[in-house]
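>>> from the sequence below, what's the structure:
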Amino acid sequence: MNKPYSQVKIRYNTDSNGQDQCWRLILDGDEILVESVQINAPVCTSRDWIESVGKFKHHISVSNCHVQIDTEGAALITAKL
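Alright, predicted model coming up:
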């Protein structure tokens, strides 16, 4: 998978056992779980109210980027050129 996205949000997966699928990637609103994340792009922090859990969640956010996920579940996020 190597696709462009306008907004990627990264947050720790609190449902993880701490060994597997520790990271949530929210890719233009669609969520996937990955093992690790490497970011080669400008980032900022963001906070969103998550209605389903009734609290704020904090993210590392990347705009206008490409996301590549390998077969091991490692995500590489790079800036669009």
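>>> which parts of the strand ranked longest in the chain are buried?
For the chain, the strand with the greatest residue count under DSSP state E is strand 55-69. Applying a neighbour-count criterion of 16 or more other Cβ atoms under 10 Å, the buried positions in strand 55-69 are 57, 59-62, 65-67, 69. Where C-beta positions appear, they are placed from N, C-alpha and C, glycine not excepted.
>>> check stretch 25-43 too.
By 16+ other Cβ under 10 Å, the buried positions in stretch 25-43 come out as 25-27, 34-35, 37, 39, 41.
>>> I'd guessed Tyr5 sits against Val67; true?
Yes: using Cβ atoms under 8 Å as the test, Tyr5 is close enough to Val67 to be in contact (5.9 Å).
>>> hey, what's in contact with both of the two?
Leu27 (Cβ atoms under 8 Å, 6 or more residues apart in numbering).
>>> quick one: low-confidence ranges for the protein?
Regions of the chain meeting the criterion pLDDT under 70 cover residues 1.
>>> just the strands in it please.
With DSSP E, the ranges of strands along the chain come out as 2-12, 23-27, 30-34, 36-40, 44-50, 55-69, 74-79.
>>> where's Val8 relative to Ser63, distance?
Here the criterion is Cβ to Cβ, to the nearest Å. By it, Val8 lies 8 Å from Ser63.
>>> typo on my end, it should be Ile26
Using Cβ to Cβ, we find Ile26 at a distance of 13 Å from Ser63.
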